[in-house]
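**Q** Let me see the structure of the following:
(2 chains)
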Amino acid sequence: MAGGAAGEAQCLSYAGCNFLRQRLVLATLSGRPLKIRKIRAKEEDPGLRDFEASFIRLIDKVTNGSRIEINQTGTTLYYQPGLLYGGSLEHDCSPSRSIGYYLESLLCLAPFMKHPLKIVLRGVTNDQVDPSVDVLKATALPLLKKFGIDGESLEIKINRRGMPPKGGGEILFACPVRKVLQPIQFTDPGKIKRIRGTAYSVRVSPQMANRMVESARSILNKFLPDIYIYTDHMKGVSSGKSPGFGMCLTAETINGTILSAELASNPQGQGAAVLPEELGQNCAKLLLEEVYRGGCVDSTNQSLALLLMTLGQRDVSKVLLGPLSPYTIEFLRHLRSFFQIMFKIETKTPEEEHMGGEKVLMTCVGIGFSNLSKTIR
Amino acid sequence: MEEKEKKKHRAKHSGPKAEKKRKRYLNDLGIGDEENARKRNPKAFTVQSAVRMARTFHRTQDLKTKKHHIPVVDRTPLEPPPVVVVVVGPPKVGKSTLIKCLIKNFTRQKLVEIRGPVTIVSGKKRRLTIIECGCDINTMIDLAKVADLVLMLIDASFGFEMETFEFLNICQVHGFPKIMGVLTHLDTFKNNKQLKKTKKKLKHRFWTEVYPGAKLFYLSGMVHGEYQKQEIHNLGRFISVMKFRPLTWQTSHPYVLADRMEELTNPEDVRINPKCDRKISLYGYLRGAHLKNKSQIHMPGVGDFTVSDVSFLPDPCALPEQQKKRSLNEKEKLVYAPLSGVGGIVYDKDAVYIDLGGSHAHEKEEEEVRPNHELVQSLISTHSAIDVKMASSKVSLFMDSRPLGSEDVEQEFVMPKEEREIDLKTGRVRRKALFEEEEKENDDAVSDEEDDQEEEEEEAAAMSEDGSDGDDEDDAEEESDRELLGEEMALGRAKRLKTEVAKEEAVNELPAFADSDDNLEMSSEGEEGKTAPEENEMEEDDDDDDEEEEEEDEDQQRTYENGSSDSEFEAASKRVAESKQYEINREDTEMRSQISDHSLKRKAVLTTDSGNCTAEEASESEVENSSIDEGDDEGGSHDELEAEESNGKEFGHTQAKKADSIRQTKLKAVEVEDDDVENLLREEEEYEEKIDFSADTTGALKWKEDLTQKAAQAFLRQQRSTPNLRKLIYGTAVEDEDHESEDAGDELGGLFHVSRPDKASKQKVNALDCSKFLIEKPQDWDLEEVMSSIRDCFVTGKWEDDKDAAKLLEEDEELYGDFEDLETGVVHKGKPAAEGDESGSEEEEEDGKTSKPEHEEEEKKKERMDKKRKLKEMFDAEYDEGDATYFDDLKEEMHKQAQLNRAEFEDQDDETRVQYEGFRPGMYVRIEIENVPCEFVLNFDPHYPIILGGLGNSEGNVGYVQLRLKKHRWYKKILKTRDPLILSLGWRRFQTIPMFYIEDHNGRHRLLKYTPQHMHCGATFWGPITPQGTGFLAVQSVSGTTPDFRIAATGVVLDLDKSITIVKKLKLTGFPFKIFKNTSFIKGMFNSQLEVAKFEGAAIRTVSGIRGQIKKALRTPVGAFRATFEDKLLMSDIVFVRTWYPVSIPTFYNPVTSLLKPAGEKDSWSGMKTTGQLRHERGIKLKQNKDSLYKPIVREKRHFNKLHIPKALQKALPFKNKPKNLEKKGKTPKDQWRPAVIREPHEKKISALLSALSTVNNYKIKKAKVKHREQLKEYLKVKQKEDEQKFKRQKEAKKKIYRILGQREKKRQKSSLKGSSKGEKNM
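**A** Next up is the predicted model:
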């Protein structure tokens, strides 16, 4: 850094396209420029994929003044973040990844925009790779509320469902803006009081959903009587372009923790056909697995919770998590390199035997982040 | 007489006192009193009017809520940094004097010259950093941002000066710190009344500026060039009890007011390129918020930097530890001001600086010790390297022995070589000890560093002790006296013996000194030898380390004792042998002191020798060793003859010990025969040392207290909290560094390298980016045991005891179950919960029979009481404290959070804590910065404050910043758009080009050419992003002084963005070239068809006000269009369209680098000049458009034609409206003149006569008139008289008549009363 002008902060450099979203999101929030090299440099088809390009375009849409430079082959990306702008937007997501891929990052950015974000995302709503829109709706939104990001306008609305490979789904995501976030102390998950879920089916027999529900209930009923799984069969224009079905389950505790699990059928023309009964059972088992892992935050939203803790005021935040996912671990490293923040990590073994596996207590002091985009009048 | 004069006491019957008494009296009687009245007559006090009631209620609520502030989490650290006191005022007002007096008041020290901040301990819980602020506006701005308290000096003999108001305004903008006025020069007033008046006047002016009631101090006069002691004392007390409110900017940003600067640049680089960028380290107390390593900072006056390293150091000006005492003792009244050359010992990461100036102890030392230090002196003055000297020097151990050369010694012992640089003038000593082995492994930086540290520690301690050397001796003597049961004989002998041995010891001196290892024997020359006390102190430092070894050494003690109980001669020879093994020697001396306590006086002599400065240790070790000693020393006393043997033994031991000590100091894993525990501890120590090394260099040895215990605890703690996860995620500390560097440039790919093998990372680099946590091996959830593993996660599972509903219910039953129905007399008993309880309740029933132990019952009782209390609390919480408002709840919440913040990392050691939360405020930190412009170092001036202001996230970036701005009401000019302006915003001072705008009613930002006079306007500039709501101020120039007020504008940041829309008005004009009825063809407005197409439908207007609309472009001429208007145009009309043109903002951001200017010119920074200034300087005149010049307005006289009314109309008009054509009767024309009459002489005579006659006649008539008038007057007078008389007569006549009438009447009445008709007849 030259002594003179307030130039740009130190540029961070990474290699490889993995964790691209994390890096772009954190670069945007921290205001530090970012360089990613060697994006699939050694592969036959080098450079950024269409879904990544679409993601970068989305980032460009929600920000103002960002500079994005991609080299000829697409193997190097330079990103100089602008300020988060927000507003009413529309974006066509690439059908090769589901909307969840995009939505996860938007959830991180949305509270810090200049204008409240109201975005229509089009593409695949549910697939087997990314967390589906249903799961994010059920888990991420309550999590945001804990940090003080709430209000009427916080919503995810599924207008149309779209299954891979062709997609055709549409959702609306709206989020209010906040100047500062509240610190959280979220160390007691509490006991699970109810299980809810959605079994959806598009362009297949509506009976599929019921069959999934039946089989899932058969497993979950051994633990809890309060189970209700909605069947959601969409027709006509709101059913997207490809057939498919799937299910997502959420377990809610008395303290408001929501754990989730989901499964979707194989996309049309890929892999063997899946029986709905089997899918229902597997999904229920996945939920039990998630319950075993436990924690106050769902395994898919660990990184979101940690990010919002980091971006809190200069107060101590605590959260109890299940085992950290590889994505979260990488996220923690990124958090350190972008925000110089380190979490205090303590492993907690539940005192009693029948409370699932080991937990991790994450503690940090927020960096005192304030929304620099928000205008004061 | 006297008795008469005395008045009798009269009780008061009115006034507030009497009222009170009466009330009390009535109260006693049980009547009267308002409350009673309220009770007596409740109806009178009911609500009269609901509206009024509501109003009063609202009002009280309003008043209540007005007092509330938004609660904030209290983030002040437990040990807050020193309070920054800025002393500000115009020149020659007495700032430096005040600072000196304050320092003297608090610390009893006199500072001669003050440069930079001075930190002092002012009380048990408060430290102050006092800094002087000059009149340079840069300094004023910088210091206003970091000040907690401002002492504003005002020259009362002169009154307020601009600087005062400027500083106040700067403060107002950057958060208002506490401000205290101090009036000086009050002794210049001879007239007391004048003084009073001035005080009052100044006070009220000050109040309007700060707040009504702001404290203003009066310093009446000077005594011997200082302010009066009592006044300064009072001021000091005010300062030390003052409370401060947190300021937003300060609490949300970390900052350091640097009190020390060191340059770390490689000298070689400087040699090659003297102008190369430098690396510096800055020191100071961290304030505000937590500072993270590698974060961005701004140095006002220099620029933006990234912190390359931060470390915390021991507090150089620590608060006293125990708080029990009422006041500080002299030792605790510390002062620390490295820039002024005060502060005693200064610890660095890799060096120790000792400052000896100013301390009286040092003077003493200089006087007494130095002359005797010939050896040291010679060493100091030597210019050849020490090892060369050492090699050449020879020592004779005994009077007649062969002189020993260094080679002789070195064969046997590893000696640390010493490099010492003493600058006696500045009093800084730097000494570096290099061990042989170390030299080999010089690359091992850690050990090196440590070693240095230890060395310096010793030295530091030594230096601090040096002064009090004599005292120490006395102490030691005293102690030994006590121990010797007052046998002063010993001391005398000691002295005598010492002189005996002196020669030999003198011989010993050289090797002993050259060896930095400790030798206690040297202490016998404590008075003469400078090194000796040092070494003693070093022992003190080391004794903790050695404590572990003491255990092992216990068996060896016998030997030592033997040795010590030898004759002096033997002892002396032994000393020579031991001279390089300080550890053993220390113990040795300890032993000796023990022995001296209990055994022969001759030994006691030795003790007094060696114990001179080690009394403390002696007493410490006494406790541990006394038991053994007591047993042994008798034997020891008998073992004199075995001296030689024991000496030999000792040699063996000492070798081993020495090895040990080397290991310890160098942190090398040397195999030592120790038990396992010790090994562990050592490892732990190594770990600890690694961490603590920056911290534990203090002379204050508090951290060393029970080190072993701490080490053990730390080890266990480490074991307990599995660091594996942390390691997995963050890697170890060392790897971190690698990773950081790799991040910057290495090809291998950043983070992945950290904790994973390369292979894995390479695979992962381009893996699928997915946040889902996939389950590799799902458990079989059909199995019963697997299912049971999560059974309790559900509400259907088992609950914890304190939450289980059934259990809670049971407890309730237990508590409230038993009651007696009073009506029926039936006793209900609660279900006994447990066996014990039952027995308890039984006991209660059968009072007398105390078969069970009583304490059990008591316990039960207690338990029950506890439960009841808990329940009561719950009940109270539910019902009593129901009126807790939202505000209270919020406050409570904040309080809880504050407590959590404090508690969370409290138990961790600072090194780990720093990693989690960053460096916390209150720490003394050392910040390394690279790439600092060389001018900063070259032109360094300690009089100017150096501030390191931490920047938040993306506050280091630049963008467009929107402000709300108002020209300062005292600034004489208005500001012009596009003129460079210097802003102070956040930490920064910079020059930029703002554009002023005003927001129109429709939200449009319209450019203004100048700021409005008395109104806010918007401003946008391109510059550093600073959070919204931050205040700023603007000045036109920071150089020089002007008599006028310098602050040009103030305001606040509203918005930050990367793009901006400010527009200015643009009128495009065109001319009709063809006019139809209401349609015209207009040309000259646009240049192409496309342009026209863009403006289709736009509203246009002519200058004369005819409105219209653009319709469509025409083919020819280019840019012409068809437009319609509301009326027909004239060819002479000009048509225009009003448009808005976006203005671009110049991307100009130029930090004010005032600190880079050479000394003496620091207040002369000038950046970009305004065009006006440039023109003025170069004498360029602006070429003005002729049309925009003002010319005298020449107005032609207008003539109007007459109103012409047609004849026909005239005729028809009524007369009054008819133009009256009567011309004015002017002179009659000549032709109309009547002919003049010329008279005949005769006629003339006649007429003359006639006129004469008429004159006479006239005169007569006039005369007659006058006469007549007089006559008339006479006549009237007479007549009046007559009238009066007549009136009189009449009156009398009337009177007469009435009297007669009245008499008659009377008579008649009388007669009528008589009732005779006679009367009537008479009538």
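**Q** Can you give me the pLDDT of the residue of the stretch 101-250 of chain B found nearest chain A?
**A** With CB to the nearest CB, the shortest gap between the stretch 101-250 of chain B and chain A falls at B:T248, namely 10.7 Å. Just so you know, the C-beta spots here come from the backbone N, C-alpha and C atoms, and that holds for glycine as well. We have a pLDDT of 89 for B:T248.
**Q** now it: how far from B:N957?
**A** In this view, B:T248 and B:N957 are 21 Å apart by CB to CB, to the nearest Å.
**Q** helices or strands up against whichever strand or helix holds B:D304?
**A** Following DSSP states H and E, one finds B:D304 within strand B:303-313. Counting contacts by 3 or more CB pairs under 8 Å, 6 or more residues apart in numbering or on different chains; DSSP states H and E, strand B:303-313 is packed against strand B:296-299, strand B:924-932.
**Q** Send me the shortest one as CSV with only the CA atoms.
**A** Presented in CSV, the C-alpha positions along strand B:296-299 are these (Å, rounded to 0.1, in the frame of the first residue of the first chain):
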residue,chain,number,x,y,z
GLN,B,296,-6.2,-1.0,7.5
ILE,B,297,-5.2,2.1,9.3
HIS,B,298,-4.9,5.7,8.5
MET,B,299,-2.3,8.0,9.8
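**Q** just to revisit the earlier point, mean pLDDT and mean neighbour count added to the helices and strands packed on strand B:303-313, as JSON lines?
**A** Shown next, in JSON lines, are the helices and strands packed on strand B:303-313 (pLDDT from 0 to 100; neighbours: other CB atoms under 10 Å in any protein chain shown):
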{"stretch": "strand B:296-299", "mean pLDDT": "94", "mean neighbour count": "25"}
{"stretch": "strand B:924-932", "mean pLDDT": "93", "mean neighbour count": "21"}
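**Q** Compare B:T248 and B:N957 (neighbour count), which wins?
**A** For B:T248 versus B:N957, the count of surrounding residues by other CB atoms under 10 Å in any protein chain shown is larger for B:N957: 26 against 13.
**Q** Would you mind confirming that the more buried one is in contact with B:I1025?
**A** Yes: if you go by CB atoms under 8 Å, B:N957 and B:I1025 touch, sitting 5.1 Å apart.
**Q** residues shared between the contacts of the two?
**A** A:G31 (CB atoms under 8 Å, 6 or more residues apart in numbering or on different chains).
**Q** Could you pull out the helices in chain A for me?
**A** Assigned helices in chain A, in chain order: A:20-30, A:50-62, A:99-109, A:133-146, A:207-220, A:276-293, A:302-310, A:326-339 (criterion: DSSP state H).
**Q** Dump those into TSV; add mean pLDDT as well.
**A** Converted to TSV, the helices of chain A look like this (pLDDT from 0 to 100):
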stretch	mean pLDDT
helix A:20-30	94
helix A:50-62	95
helix A:99-109	95
helix A:133-146	95
helix A:207-220	93
helix A:276-293	93
helix A:302-310	95
helix A:326-339	92
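**Q** Let me have these in TSV, extended by distance to B:F1076 and mean neighbour count.
**A** Listed next are the helices of chain A as TSV, based on distance: least, CB to CB, whole Å; neighbours: other CB atoms under 10 Å in any protein chain shown:
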stretch	distance to B:F1076	mean neighbour count
helix A:20-30	59	24
helix A:50-62	50	19
helix A:99-109	58	25
helix A:133-146	63	22
helix A:207-220	73	21
helix A:276-293	78	23
helix A:302-310	69	25
helix A:326-339	69	22
